[in-house]
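Undergrad: everything below, folded, please.
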Amino acid sequence: MSSSESTAPAALGLGSVLAVALCTLWLALVGHLDLYINPRYAVFTIVLAVLAVPAAVAGLVVVARGHGHTHGDEPAGGGHTHDDAADGAPAPAGPAAGPHDRGGRPGGAGRRTRAVLGWAAAAVTVGVTVAMLVLPPTTLSARTAQQRSVDAATLSNATGTQGVALLGSDAVDTSDYGVKDWAALIRQTTDTSALVGKRVELTGFVVPAGDGSFTLTRFVISCCAVDAQPVGLGVTTSGAVPDADRWVTVRGSLVANPDQSAAARIVVKASSVRQIAQPSDPYEY
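TA: Next comes the predicted model:
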């Protein structure tokens, strides 16, 4: 394998690392990093990005200078045989002449290839970084929630919830419960009678469900947006259903689901549905 072939993956890999690190630092600077990762990992991620930038730059410099090249570009002994050195005879001319005699400097093609690869890596870095600066970061959408089965009863790790049997007691404060908490409670119990009549005020985005109803949805992130899990509560309303992806605050009470065939046996009967701007922190954890 030639030196240019061996440095190609290194140059492109280092360029990608640099691009990701710069984008991470930019997101942290403008306060959008929490749109992509759980806030508990923010400091760790920023530290890694800070270390990755100078390391990637140093690696690109080494690759560009060809410090990792093989010595196959030059014949052993600088192109001279032992007899030439001993007898002082000039190197023979003609077809048998070495690369020096053809007027080319050894390794020229390899250096040009390395330079092209270096510029390509730099272009990738600049392109991705500029795209992050120009394109506004966005949260996961209603379409993503539908693709990941927002209505599936898969959430089992809700935190801060009490036993369902205790919810009939005034001693249990549910004012801080979010969509995740209520969705987990509804899905984890076979007896939902203690939930019926509970007043709720919840915020999420709209996933349309038809027939004057929609699913109030939030994404729950364990580590980053890649593993985001959509959870939601069905909402029935006598008014117009907001458009998909609109953020709303719903006030109402929990009632038995009119659709007995649905997996969720409890829905929110909305007394009001108010459209709002997207929260600064759109996820639950």
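Undergrad: show me what secondary structure element comes after the helix or strand of the chain with the lowest mean pLDDT.
TA: None of the helices or strands of the chain scores lower by mean pLDDT, DSSP states H and E than helix 82-87, at a mean of 48. Using DSSP states H and E, the helix or strand that directly follows helix 82-87 along the chain is helix 108-134.
Undergrad: what about that next one, average pLDDT?
TA: For helix 108-134, the mean per-residue pLDDT is 72.
Undergrad: against which helices or strands is it packed?
TA: Applying 3 or more Cβ pairs under 8 Å, 6 or more residues apart in numbering; DSSP states H and E, one finds that helix 108-134 makes contact with helix 3-30, helix 42-65. C-beta here means a position set from N, CA and C on the backbone, and glycine is covered the same way.
Undergrad: the ones you listed: lowest mean pLDDT?
TA: For these, where the average pLDDT is lowest is helix 3-30, sitting at a mean of 78.
Undergrad: mind listing what's buried along it?
TA: 3-4, 7-8, 10-12, 14-15, 17-28 (16 or more other Cβ atoms under 10 Å).
Undergrad: okay, residue 270 and residue 256: tell me how far apart.
TA: Remark: distance between residue 270 and residue 256 (Cβ to Cβ, to the nearest Å) = 15 Å.
Undergrad: so for those two, which residue has more residues nearby?
TA: Set residue 270 next to residue 256 and count neighbours by other Cβ atoms under 10 Å: residue 270 wins out with 22 against 14.
Undergrad: mind listing what the more buried one touches?
TA: Residue 270 sits next to 235-237, 239, 250-252 when contact means Cβ atoms under 8 Å, 6 or more residues apart in numbering.
Undergrad: report pLDDT for residue 176.
TA: Residue 176 is given a pLDDT of 84.
Undergrad: that one sits in which helix or strand?
TA: Short version, using DSSP H and E: residue 176 is in no helix or strand.
Undergrad: neighbours of residue 268, how many?
TA: Applying other Cβ under 10 Å, we find 26 residues neighbouring residue 268.
Undergrad: got phi/psi on it?
TA: Here is the backbone geometry of residue 268 (degrees, to the nearest 10): phi -100, psi 120.
Undergrad: same check, this time on residue 215
TA: Phi and psi for residue 215, reported as degrees, to the nearest 10, are phi -100, psi 120.
Undergrad: pLDDT score for it?
TA: 92.
Undergrad: could you measure from it over to residue 268?
TA: Distance from residue 215 to residue 268, by Cβ to Cβ: 10 Å.
Undergrad: give the contact list for residue 277.
TA: Counting by Cβ under 8 Å, 6+ apart, residue 277 makes contact with residue 247.
Undergrad: where does it land on pLDDT?
TA: pLDDT, residue 277: 94.
Undergrad: what count of nearby residues applies to residue 37?
TA: 20.
Undergrad: what touches both of residue 215 and residue 268?
TA: Common contacts of residue 215 and residue 268, defined by Cβ under 8 Å, 6+ apart, comprise 233-235.
Undergrad: which one among these gets closest to residue 198?
TA: Among the shared contacts of residue 215 and residue 268, residue 233 lies closest to residue 198 (Cβ to Cβ), at 11.7 Å.
Undergrad: what's the local residue count around the closest one?
TA: 24.
Undergrad: show me the contacts of residue 270 that map onto strands.
TA: Counting by DSSP state E, these place 235-236, 250-252 in strands.
Undergrad: which one of those has the most neighbours?
TA: Highest neighbour count within the ones in strands among the contacts of residue 270, by other Cβ under 10 Å: residue 235, with 26 neighbours.
Undergrad: correct me, but it touches residue 273?
TA: Yes: in this structure, residue 235 is within contact of residue 273 by Cβ atoms under 8 Å, at 7.4 Å.
Undergrad: quickly list what's touching both of these two.
TA: In terms of Cβ under 8 Å, 6+ apart, residue 235 and residue 273 are both contacted by the residues residue 250.
Undergrad: coming back round to it: take the helices and strands packed on helix 108-134 and lay them out in a markdown table including distance to residue 201.
TA: Listed next are the helices and strands packed on helix 108-134 as a markdown table, based on distance: least, Cβ to Cβ, whole Å:
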| stretch | distance to residue 201 |
| --- | --- |
| helix 3-30 | 30 |
| helix 42-65 | 28 |
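Undergrad: to residue 194, which of those helices lies closest?
TA: Short answer: helix 42-65, nearest of these by Cβ to Cβ, at 37.7 Å.
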